[in-house]
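[1] Give me a model of this one.
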Amino acid sequence: MLRGREPAHPDFAMKVLRSVAEGVKDMAKLEKRGLSQ
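    Numbers count the residues shown, from 1 in each chain. As a prediction, the model looks like this:
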């Protein structure tokens, strides 16, 4: 982590967080489907 550059790209950070959240949601869906079968 580079200090002093954290607030440089809030939009990029939000995009990364959103894509990670989407991936987690998809994995949870797949796990639920796998467990229910």
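
[2] which residues in the chain form helices?
    Secondary structure of the chain (DSSP state H): helices at 10-36.

[3] how near is the residue minimising distance to the centre of it to Lys32?
    In the chain, the residue lying closest to the centroid (CA atoms, centre = their mean) is Val20, at 1.3 Å. From Val20 over to Lys32 the distance is 19 Å, taken as CB to CB, to the nearest Å. All C-beta atoms are positioned from the backbone trio N, CA, C, and that covers glycine.

[4] Pass me the low-pLDDT residue ranges in this protein, would you?
    Within the chain, the stretches with pLDDT under 70 are 1-8, 37.

[5] let's go with 90 and repeat that
    Within the chain, the set of residues satisfying pLDDT under 90 comprises 1-13, 30-37.

[6] How much space separates Gly34 from Lys15?
    Gly34 sits 29 Å away from Lys15 when distances are taken as CB to CB.

[7] ok, those two, which is more surrounded?
    Shown here are Gly34 and Lys15; by other CB atoms under 10 Å, Lys15 has more neighbours (11 against 8).

[8] what sits against Ala28?
    When the contact criterion is CB atoms under 8 Å, 6 or more residues apart in numbering, Ala28 has no partners at all.

[9] could we number from 58 for the rest of this?
    That works, and once the first residue is 58, the last one we named lands at Ala85.

[10] Any figure for the gap between it and Leu92?
    Noted for Ala85: a distance of 11 Å to Leu92, by CB to CB.
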